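> coords please:
(2 chains)
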Number of protein chains: 2
Amino acid sequence: MFRHVVLFTWTEEATDEQKARVVAELGKLPGAIPEIRAYTLGADAGVNPGNHEFAVVADFDDVEDFLAYRDHPLHQAVIIEYIKPILASRAAVQFAFQA
Amino acid sequence: MFRHVVLFTWTEEATDEQKARVVAELGKLPGAIPEIRAYTLGADAGVNPGNHEFAVVADFDDVEDFLAYRDHPLHQAVIIEYIKPILASRAAVQFAFQA
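Sure, this is the predicted structure:
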């Protein structure tokens, strides 16, 4: 399997409505992009200090399926319309793992 | 379920041996800390530029089980002995999700 992990922080100006919209729009992708095998996302629970604010973990059969997701027009539209306007910083890793 | 995600970058001086030791030592934790439900880790695949270098995704039944892992002496020993000496930066999020 191939796992995509991405963490975000939001701008100070980002509203709760904008953050909720990111969750809602990303949440539509598993129903629209068949290469996605598993998809979890959520706001940081506030347990540890210094964390990023939001995470997405997406699983695929292989790197090619990840690339199909990464470059999919619906995914790119969410990034451009809803994530980038409130994005402060981003950290990501993709790695292969044994399911 | 409760998911812990952490991404690392290593110092320029970090050796391949040191990085492999982190993998090996973390890999012992699922056998030693019963609260861990799932544990995946890996070096970045090099598909996207600008990524962090290494990821750990660990799943627990709830936040209390995550805290047991976070504070477990064996986990803390890996952090102190093997991660911190080569750590350049760290990004993390913990979030609840539906399994």
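> where does the spatially most central residue of chain A fall, phi/psi-wise?
By C-alpha atoms, centre = their mean, chain A has its centre lying nearest to A:Val56, at 3.7 Å. Here is the backbone geometry of A:Val56 (degrees, to the nearest 10): phi -130, psi 130.
> Just give the closest residue to it, not the sequence neighbours.
Excluding the flanking residues, the one nearest A:Val56 by C-beta to C-beta, 6 or more residues apart in numbering or on different chains is A:Leu41, at 4.4 Å. Heads up, the C-betas are built off the backbone N, CA and C, glycines and all.
> Quick one: residues contacting the residue nearest to the centre of chain A.
By C-beta atoms under 8 Å, 6 or more residues apart in numbering or on different chains, A:Val56 lies in contact with A:4-6, A:26, A:39-41.
> Around chain B, pick out the residues from chain A.
Proximity of chain A to chain B is confined to A:2-3, A:5, A:7, A:40-45, A:47-48, A:50-55, A:57, A:63, A:66-67, A:70, A:91-97 under the rule C-beta under 8 Å from any C-beta of the partner chain.
> Please pick the buried ones from those residues.
Buried by 16 or more other C-beta atoms under 10 Å in any protein chain shown: A:2-3, A:5, A:7, A:40-45, A:47, A:51-55, A:57, A:63, A:66-67, A:70, A:91-95, out of these.
> mind checking pLDDT for A:Gly31?
Predicted confidence (pLDDT) for A:Gly31: 97.
> What is the three-state secondary structure of it?
Secondary structure state of A:Gly31, per DSSP: H, G, I helix; E, B strand; the rest coil, is helix.
> next one: the one 4 residues further on
Here A:Glu35 is recorded as coil under three-state DSSP.
> Could you find the closest non-adjacent residue to it?
Distance criterion C-beta to C-beta, 6+ apart; nearest residue to A:Glu35, sequence neighbours excluded, is A:Asp65 at 3.8 Å.
> ok but that neighbour is inside a strand, no?
No. Secondary structure assignment (three-state DSSP) places A:Asp65 in helix, not in a strand.
> hmm, back to that, the residue nearest to A:Val56 contacts A:Gly27, correct?
Yes. Counting by C-beta atoms under 8 Å, A:Leu41 does reach A:Gly27; the two are 7.2 Å apart.
> host element of A:Asp59?
Using DSSP states H and E, A:Asp59 falls within strand A:54-60.
> Let me see the mean pLDDT of that strand.
Average pLDDT, strand A:54-60: 98.
> who does it pair up with?
Strand pairing for strand A:54-60, determined by DSSP bridges: strand A:2-10 (antiparallel), strand A:38-43 (antiparallel).
> quick one, longest helix in chain A?
helix A:16-27 (DSSP state H).
> okay, the angle between that one and strand A:54-60?
Put simply, helix A:16-27 runs at 0 degrees to strand A:54-60, going by axes from the mean of the first three to the mean of the last three C-alpha atoms, to 10 degrees.
> That'll do, ta.
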